[in-house]
Every structure is written in structure tokens, then in C-alpha cells.
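A.B. asks: Sequence isn't available, so here's the structure alone:
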């Protein structure tokens, strides 16, 4: 709205506020003459006439607004509110006439297709004027007419498909035409009408005690195509249970989902379930083979490649007629060459990845060290200049010493953060993880108390590890200090320790502000921090980087639990070898 139109609107509003509706209407009509193609003043005029209970002219003003909404469909909401209010307050004969005039405007082509579509989506089939479409809407309510629906959709526009889908979304009975709905979902997905397809999936799933695998797969697939799983997460419980009871097609989509959220445990569980399906199916085995390559599981891929060859040879011997499955010796040799090349490329890729990581680490380390060193150099040079000019004092020299000590302490603190992963001094022994964590809390108890932070350790069993106890303790020193900085005051830290069949699982939780989604993939990178690095209490972005590296020495993993909503939660998993631990304990 430009300055002139804003002035007109302010004048109209003042007259309306003062109760001078006639004057406001007259000014509004003048504004329409000045801005005939703008929908805004038609909307204002409709409001004024409706307030005056001039229902006939109010409805005509709003239809004029509707005709001018094609380039500003976001203003349709204002019309929709008025339409509902009109039908709630105006006499029936005016409501019927209002609807007829809208239909007439649609028939004449005066209302743009995108606005007509909004009318249908918002108010239903009453605004559909195409007789063929009206007929197919009725037939889409029964699966007996599915073939006719298919023939109609083959030549239908996207708007007509939308009209049929929204008609089905509004239907309360979802059992008489399930096949039709599933067909419409597939059509909508093909036409990239994802919002409409997802709403129809929701309408179907809401009526089912156990969601149809076809619907689950469609919902996950559309989420993958949009790179957004929020809608699927709202409708489905995506956990271990879903993996176990799903078929291969759903598991295929779950692989992409778990990879997108960084849940390596459930990703691994899904791939293992898919491996069972690959025992006798070459297409499934080849799909899984590609997944193995994608996730750098090259040993698994090689084993599966040999299995695929055996399956192919067996099928060839069992069914000679399936010549398309036959592979020549040259093809087999070619595959081996390709396989070797893939392994070579992966080794090269891993080497490059490590070199890039080292480069980034050194770059960050150089930057962090450069700041205190520069400060020291600047302060010394400044003092030298002052002394040459004879204006230096002993108090200034004392201040210089204090500055140098503070900066060197900062450097030393930074080096200490690296020591657990670079030190060659290491005492390898069997130690109790529970006692190790208890000692960390005991050492930090005074600081925790000062910050009014309570801590709880929940144990389902005593668990042991073989390695450097002091090094392992550093994991929890860093995690606790990290939480203390996040919580500030009046908080809680909870550690849950449990022993599974072949690994230790530790949940480390705090009730702080949590970790923003955009930071979750960065927090284990060196020198990534949202804190002040000059505080002397962390903030260099090394704490979680050290944690990640120490756990890697134990072949362990640490991940952020993205579903934890009461703060931040880290999930630590460390594989254990029972025989080794028992032997170590006996020795």
C-alpha cells in the first residue's frame, strides 16, 4: 500500500470509528475509482456495507475482491472469513444469491483457477461447476468405479486432481473406497502434489488401528523427496518395532530416514533386517549392496556381492529360460575389477577425508593459539616502546606479567584439552565404569553445588571396560562441564548406565536449553562453540571433540538424541568383549 492509499484508508477508518458509515462508504468508493485493480478497497467496502446490513451490495463488493485475488492468493483468507460470517448472519435468500453469483463469476471465467481451487479446498464441492468433475466426485466414493476414476484422471488437470483429493479428505467413511484413495495418493505423489497426498494419507491412517504398509511407505517416500520428515514423524511412531514388523519396501525408506536424522543404531538394525530379505531375492540383494556402498560398509558389500553371484548361478541352473539373468565370465571379471576400483577409491576418499580433518584441526588450533600469542607480543612491544621513552613504570611491568601469565594459562588449558587423545602415557587396565563416573561427580561436586545443580546416577548393572581409566574419565569431566555451562543454575544432570548383550549404553542428560537443530551436526567438530573462548572455562570448542575422539578409541559412539525435549541428551554406546574383560580381571 503506497502513501496515498494508506492516507485514504486512515481517513476511512476514522469515519468508521466515529460511526459515520455513509461517509466511510463514499470515501471507499472514491478509493476504488482511484485503484480499480486493487482488491483491498473492495474488501473494506464489503465490510462497511455488511456492517450497515446492506447484504446485497456487500456480497457484490466481496465478489469484486475475489475477482482480483489471482496475484495475491494470500488475501483469500480475508474473503473466507467474510463468507463464513455472511452465511452465519445474513438471511437465507441473500446467502443463496451470494453463492449463485460466485458460481456465475466462475462460469464466466472471471475468477482465476487458483482462486477457484482455494474455494473448493476451503468450502467443498459446492463451488465445482464442471459437470464431468461433479460426476466423478460421486463415483470416487466407491471402489466399484475405480477404473472410471482412473480414465478421468489420465486426462485431468492438477486442479481437478486436487478437487477429487480434497473431496476424499472430507469424506468421513474411509472404508468403501480405500483402493481409490490409495490410487489418488500415488497420482498426487507423481504430480508432486505432496501436501494433498499427505493429508489424504493422514485421513486413511487415522481410521486404521494398524497403518497399511503401503501408506507408511508412501508417507516416508514423499518425506524423503521433500527432505522433510516432520509430517511423517507426527503420524507414525518410527522406532525398533516399526523396523521389525515392516516389509522390505518400508525398510528401504527407513534407511533414508535414519540416515537423515543421524541414528546409526537404527540404521544398522534396518540394514540387518533387510539382509534377511536379501537371502533369496536378487533385486533386494542388489539394492542392499548399493546401500552398503553408500554407507562405506565395503566388507559387507563384498560378502553380499559373492552371495548375489551364488544366487544368480543357482537361478540360472534352476531356470534356463530366464536368460536375462545369465552373466558371462567377462561380466563377472568386470565386476571384480569394478569392485577393486571401488575399494581403491574408498581408501583414497578416506585418506583425503582424514587429511581435510587434520587440516581443519590445525587451522583452528593455529587460530586459537594465535590470539593469546598476538596479545602477548603486542603487550611486550608496547611496554618496550614506553620504556625506551622513559615513561614505563614498575606497575605497568607487573600488569604485563599478569597479562602474560593469563595468556599462557589459556594456551596451557587448551593444550590440556588435547592431552587425553595425544598422550603416549597410558595405563591399560580393567576398570568399573560406574565408579569412574561417580568419581567425576565427586571431584566436581563443589562446583555443582555452587551452581545449584543436582546430579543423579542410575545404574541397572555394574559394567567394566578395559583401557585407560583416567582417559575415560575425561569423557565425563567434559560432558559435566559442558552441561554446567549450559544449565547455569538450578539444574539437573542425570546419567543412566545399562549393559546390553554386547555393548554398554549410557544416557547423559541435562535439563538445560538443549542443542539447536542447526548445531547438532557441528558440536563434535573441533573449535565449534557458541561460548566465549576467552572465559577460561571452556568455550574453545574442544570439549565434545575430545569426548568423540576418546570414545572412538574404545570403538564407541556418541550421538545427540534429537527426540529428547527436556534439555540435551547424549547417547553413548561402547562395544564390550566379555571374554577379554573376564581374562583381564582374572589376571
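C.D. replies: Done, it's in. Note that the structure is predicted; figures quoted are calculated from it, not measured. Numbers count the residues shown, from 1 in each chain.
A.B. asks: Please make it C-alpha for all contacts and neighbour counts, starting now.
C.D. replies: Noted.
A.B. asks: for residue 494, what are its contacts?
C.D. replies: Taking CA atoms under 8 Å, 6 or more residues apart in numbering as the contact definition, residue 494 lies against 455, 456, 457, 458, 507, 508, 509, 510.
A.B. asks: Actually, residue 562.
C.D. replies: The contact partners of residue 562, by CA under 8 Å, 6+ apart, come to 261, 517.
A.B. asks: do the same with the one 10 residues further on
C.D. replies: By CA under 8 Å, 6+ apart, the contact set of residue 572 is 504, 505, 506, 507, 508, 556, 557, 558, 559.
A.B. asks: Among the residues you listed, which one sits closest to residue 48?
C.D. replies: residue 559 (59.4 Å; CA to CA).
A.B. asks: average pLDDT for the helix or strand containing the closest one?
C.D. replies: Element membership for residue 559 (DSSP states H and E) is strand 557-560. Averaged over strand 557-560, pLDDT sits at 87.
A.B. asks: And the next helix or strand past it?
C.D. replies: Assigned by DSSP H and E, the successor of strand 557-560 is strand 568-575.
A.B. asks: Filter the contacts of residue 494 down to the buried ones and hand me the ChimeraX line.
C.D. replies: The ChimeraX selection below is limited to those of these classed as buried (16 or more other CA atoms under 10 Å):
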select :455,507,508,509,510
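A.B. asks: thinking again about what came up before, ok, the strand holding residue 559: who's next to it in the sheet?
C.D. replies: strand 568-575 (antiparallel) (DSSP bridges).
A.B. asks: gap between the partner strand and the chain center?
C.D. replies: Distance, stretch centre to chain centre, for strand 568-575: 20 Å (CA atoms, centre = their mean, to the nearest Å).
A.B. asks: Could you export the contacts of residue 494 to TSV, including columns for distance to residue 497, pLDDT and secondary structure?
C.D. replies: Below are these laid out as TSV (distance: CA to CA, whole Å; pLDDT from 0 to 100; DSSP: H, G, I helix; E, B strand; the rest coil):
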residue	distance to residue 497	pLDDT	secondary structure
455	14	90	strand
456	11	90	strand
457	8	90	strand
458	6	90	strand
507	7	94	strand
508	9	94	strand
509	12	93	strand
510	15	92	strand
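A.B. asks: how close does residue 182 get to residue 209?
C.D. replies: Note on residue 182: its distance to residue 209, by CA to CA, to the nearest Å, is 17 Å.
A.B. asks: Redo the contacts of residue 572 as JSON lines? Include distance to residue 386.
C.D. replies: Shown next, in JSON lines, are these (distance: CA to CA, whole Å):
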{"residue": "504", "distance to residue 386": "61"}
{"residue": "505", "distance to residue 386": "60"}
{"residue": "506", "distance to residue 386": "58"}
{"residue": "507", "distance to residue 386": "57"}
{"residue": "508", "distance to residue 386": "53"}
{"residue": "556", "distance to residue 386": "56"}
{"residue": "557", "distance to residue 386": "55"}
{"residue": "558", "distance to residue 386": "53"}
{"residue": "559", "distance to residue 386": "53"}
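A.B. asks: List buried residues within those residues.
C.D. replies: With burial judged by 16+ other CA under 10 Å, the buried subset of the contacts of residue 572 is 504, 505, 506, 507, 508, 556, 557, 558, 559.
A.B. asks: export the contacts of residue 494 to CSV and tack on distance to residue 263?
C.D. replies: Shown next, in CSV, are the contacts of residue 494 (distance: CA to CA, whole Å):
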residue, distance to residue 263
455, 27
456, 26
457, 25
458, 24
507, 15
508, 16
509, 17
510, 20
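A.B. asks: Which member of the contacts of residue 494 is positioned nearest residue 383?
C.D. replies: residue 510 (46.8 Å).
A.B. asks: For the protein, identify the residue most remote from the centre.
C.D. replies: residue 390 (64.0 Å; CA atoms, centre = their mean).
A.B. asks: Who's the closest spatial neighbour of residue 380, skipping the chain neighbours?
C.D. replies: If the residues on either side of it in the chain are set aside, residue 380 comes closest to residue 400, at 7.3 Å by CA to CA, 6 or more residues apart in numbering.
A.B. asks: An error on my part: the question was meant for residue 24.
C.D. replies: residue 12 (4.8 Å).
A.B. asks: and the one you found, that's in a helix?
C.D. replies: Yes. Using DSSP: H, G, I helix; E, B strand; the rest coil, the assignment for residue 12 is a helix.
A.B. asks: Pull the contacting residues for it.
C.D. replies: Per CA under 8 Å, 6+ apart, neighbours of residue 12: 23, 24, 25, 27, 28.
A.B. asks: ok, of the residues you listed, which come out buried?
C.D. replies: 24, 25, 27, 28.
A.B. asks: Assign residue 38 to helix, strand or coil.
C.D. replies: coil.
A.B. asks: quick one: it from residue 65, how far?
C.D. replies: 8 Å.
A.B. asks: ok, these two, which is more surrounded?
C.D. replies: residue 65 (25 against 17; other CA atoms under 10 Å).
A.B. asks: And the helix or strand where that one lies, how far out from the chain middle?
C.D. replies: Following DSSP H and E, one finds residue 65 within helix 55-67. From the chain centre to the centre of helix 55-67 is a distance of 44 Å (CA atoms, centre = their mean).
A.B. asks: which helices and strands does it pack with?
C.D. replies: Judged by 3 or more CA pairs under 8 Å, 6 or more residues apart in numbering; DSSP states H and E, the packing partners of helix 55-67 are helix 40-51, helix 76-89, helix 92-107.
A.B. asks: Next, the angle helix 76-89 makes with the longest one.
C.D. replies: Which is helix 92-107. Angle of helix 92-107 versus helix 76-89, following axes from the mean of the first three to the mean of the last three CA atoms, to 10 degrees, is 150 degrees.
A.B. asks: one step back: what sits in contact with each of residue 38 and residue 65?
C.D. replies: Residues touching both residue 38 and residue 65 (CA under 8 Å, 6+ apart): there are none.
A.B. asks: Hmm, residue 475 is touching residue 549, no?
C.D. replies: No. Judged on CA atoms under 8 Å, residue 475 makes no contact with residue 549 at a distance of 9.4 Å.
A.B. asks: The two: which has the busier surroundings?
C.D. replies: residue 475 (22 against 19).
A.B. asks: what about that one, which helix or strand?
C.D. replies: helix 469-487.
A.B. asks: just checking, what packs against that helix?
C.D. replies: For helix 469-487, the packing partners by 3+ CA pairs under 8 Å, 6+ apart come out as helix 394-422, strand 428-432, helix 433-443, helix 543-553.
A.B. asks: Looking at the ones you listed, spot the one closest to residue 16.
C.D. replies: The nearest among the helices and strands packed on helix 469-487, by CA to CA, is helix 543-553 at 62.4 Å.
A.B. asks: Excluding chain neighbours, give the residue nearest to residue 279 in space.
C.D. replies: residue 285 (7.3 Å).
A.B. asks: The helix or strand hosting that neighbour: how far from the chain's middle?
C.D. replies: Per DSSP H and E: residue 285 is located in helix 282-294. Put simply, helix 282-294 sits 25 Å off its chain's centre (CA atoms, centre = their mean).
A.B. asks: And it, what does it pack against?
C.D. replies: Judged by 3+ CA pairs under 8 Å, 6+ apart, helix 282-294 is in contact with helix 264-277, helix 298-318.
A.B. asks: Turn those helices into JSON lines, including mean neighbour count and distance to residue 142.
C.D. replies: What follows is those, written out as JSON lines (neighbours: other CA atoms under 10 Å; distance: least, CA to CA, whole Å):
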{"stretch": "helix 264-277", "mean neighbour count": "17", "distance to residue 142": "36"}
{"stretch": "helix 298-318", "mean neighbour count": "16", "distance to residue 142": "43"}
